[in-house]
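Chemist: structure here, sequence nowhere to be found:
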């Protein structure tokens with residue numbers, strides 16, 4: 001038998017789809033985080049474990065001898081030598097690792113030219129122009145991922161400390177945050193030192209809700225990151241004349257805050273990153289072997 005494997009791996013989790021040789025999806029599975037730059041060994045383990053589970057969900061154990069063609073769209077794949085290291089350890093017959101932005105773009109807009117913004121735990125932007133993919137962002141939590149849930153959470157906690165110190169006015173939300181850590185920034189800082197991007201991202205829905213309720217500090221955080229999101233879309237080549245999608249858990253949140261021309265240009269995605277990964281795996285399978 002011949003199978004196609006699509007993988008979508010990010011800071012929040014790993015998703016795998018198993019398809020037959022024509023691209024018909026047989027089963028899917030979900031697993032733990034799979035950002036290969038954040039924690040390589042954990043990501044590798046989760047990718048293989050979730051792939052095995054997807055095969056089981058399809059009604060067959062993960063085959064050891066079957067022909068398998070895999071495309072893995074992974075956060076962190078543009079950093080360091082993580083992609084090369086992972087490729088060398090994968091059991092698939094043919095495999096390619098790409099940015100999760102590329103699989104997201106292919107899933108969202110198909111084979112046409114256009115751009116996407118994908119904003120969840122992390123953030124990344126992508127453009128296809130004359131068949132060539134270009135990525136903007138995706139530099140990770142430490143120095144990138146503006147607009148992401150992780151950065152929103154980190155910046156909101158920082159703003160709560162600024163308010164505690166009297167550098168900016170407190171708001172109900174910053175007061176609540178300080179109280180959650182027993183009224184002490186020392187407790188907040190000590191706990192936050194061990195936070196993962198996903199854990200910082202847990203604050204994002206509350207920030208959005210607080211901003212909608214009129215909280216000034218939550219609104220300030222969202223307004224600053226909305227400006228960066230718009231600048232990123234412009235830098236990656238936004239134009240109303242080409243396909244445009246905003247994706248991820250925060251994609252629609254920011255889209256609603258962007259100027260009207262962005263909102264009018266946005267379309268509903270054709271599919272998701274897993275669909276894009278399977279589509280790329282099918283293209284990889286039919287490519288002649290050099």
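Modeler: Thanks, I have the structure now. Just so we're clear, the structure is a prediction, and the values are computed from it rather than from any experiment.

Chemist: contacts only, for the residue lying closest to residue 215 once chain neighbours are set aside.
Modeler: Counting by Cβ to Cβ, 6 or more residues apart in numbering, residue 215 lies nearest to residue 173, which is 4.4 Å off, once chain neighbours are set aside. From N, CA and C alone the C-beta is placed, and that goes for glycine too. Residues in contact with residue 173 (Cβ atoms under 8 Å, 6 or more residues apart in numbering) are 156, 160, 206-207, 210, 215, 217-218.

Chemist: closest one to residue 248 out of those, please.
Modeler: Taking Cβ to Cβ as the measure, residue 248 sits nearest to residue 207 out of the contacts of residue 173, at 15.2 Å.

Chemist: in this structure that closest one contacts residue 219, no?
Modeler: No. With contact defined as Cβ atoms under 8 Å, residue 207 does not reach residue 219; the gap is 9.3 Å.

Chemist: just to be sure, residue 29 is in a helix?
Modeler: No. Applying DSSP: H, G, I helix; E, B strand; the rest coil, one finds residue 29 to be strand, outside a helix.

Chemist: ok, now which ones touch it?
Modeler: 15-16, 50-51, 53-54, 56-57.

Chemist: returning to what we had before: so between residue 207 and residue 219, which is more surrounded?
Modeler: residue 207 (26 against 17; other Cβ atoms under 10 Å).

Chemist: that one is in what secondary structure piece?
Modeler: Secondary structure from DSSP states H and E places residue 207 in helix 204-212.

Chemist: between the longest helix anywhere in the chain and helix 204-212, what angle do the directions make?
Modeler: If you go by DSSP state H, the chain has its longest helix at helix 216-236. Interaxial angle, helix 216-236 versus helix 204-212 (axes from the mean of the first three to the mean of the last three Cα atoms, to 10 degrees): 110 degrees.

Chemist: helices or strands next to helix 216-236 in the packing?
Modeler: Helix 216-236 sits against strand 114-119, strand 123-129, strand 132-137, helix 149-164, helix 172-180, helix 204-212, helix 251-255, with contacts defined as 3 or more Cβ pairs under 8 Å, 6 or more residues apart in numbering; DSSP states H and E.

Chemist: pull the distance from the fifth one to the chain's centre.
Modeler: Read it as helix 172-180. Helix 172-180 sits 28 Å away from the centroid of its parent chain (Cα atoms, centre = their mean, to the nearest Å).
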